[in-house]
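1. Sequence first, predicted model second:
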Amino acid sequence: MKTNRILPSIGLFATIALVGLLFASCQRSPDATTQWRVANEKAFNEYADSSDYKKVSVDGSTAFIYMKTIKKGEGKVFPIETSRVLVHYEVFFVTGNKNFIEGNFDSEAPQRFGLSRGTGSLIAGMRIALQNMVVGDEVMAIIPWHLGYGAIRSGSLEGYTTLRYHIKLDGIVPEDEP
C-alpha cells in the first residue's frame, strides 16, 4: 500500500518541477523577435551620439531619422509631400550581417518615386529623408523600423528592422509632367 501513495506523489512532484522549468526558461530568454527588435532599436539610437549624423524630420511631425550628407547638391528646392522624384538608392541592414538588400546605383537611370502616401509609395523614413534634400544631394539615412517596414515581416525583411539607405536625389519631376 505504501507504493500506491509514493507513485502519485512522485508523479505530482515531477509535473510541478516540469511546469516550473518551462516557466523559468520562458522568463530567462526573450524570443528571437524581441532580441531582433532590441538590437535594431539599440543600433538606431547609437546614431544619436554620432557627430556625423543629424536628426531630421518634416514640419508638423515628431517622427525623425538620422541623416549624414555625403555630397551637397546644387539644387535650391526641396521636394514636398506630393512631389515625384528621381532617385538612386541602396538599402542595407544596420544590424546582423549588414548586407545589401536592394538598390539601383548599378543602373544608369534613376528610379521614379512619388512621395505621397498610397499604393507604391515610399516608406515614411525615405519620405522624410527626401524632403530634407535638394537635387544633387547624396546622403546616408538611418531609418528606424517604425518608419520603415514596421513590425510585420516584409519579404526577406524581418519585422522591426532598422535600415541604412544610401540616397542620391537626381531630380524632382515637374508637376505638369506626366
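-> Nice, I can see it. Numbers count the residues shown, from 1 in each chain.
2. For the nearest residue to L169 once chain neighbours are set aside, pull up the helix or strand it's in.
-> Nearest residue to L169 in three dimensions, chain neighbours excluded: M133, at 4.5 Å (Cβ to Cβ, 6 or more residues apart in numbering). C-beta here means a position set from N, CA and C on the backbone, and glycine is covered the same way. Element membership for M133, per DSSP states H and E: none, as it lies in no helix or strand.
3. what kind of secondary structure is T34 in?
-> Following DSSP: H, G, I helix; E, B strand; the rest coil, we place T34 in the helix state.
4. How many neighbouring residues does it have?
-> For T34, the neighbour count with other Cβ atoms under 10 Å is 11.
5. can you tell me how far it sits from D49?
-> Distance, T34 to D49, using Cβ to Cβ, to the nearest Å: 24 Å.
6. those strands in the protein, which residues are they?
-> 54-56, 65-71, 84-93, 100-103, 111-114, 138-143, 163-173 (DSSP state E).
7. Give me whichever of those is most buried.
-> Among those, judged by mean count of other Cβ atoms under 10 Å, the one packed with the most neighbours on average is strand 138-143 (a mean of 22).
8. No more questions from me, cheers.
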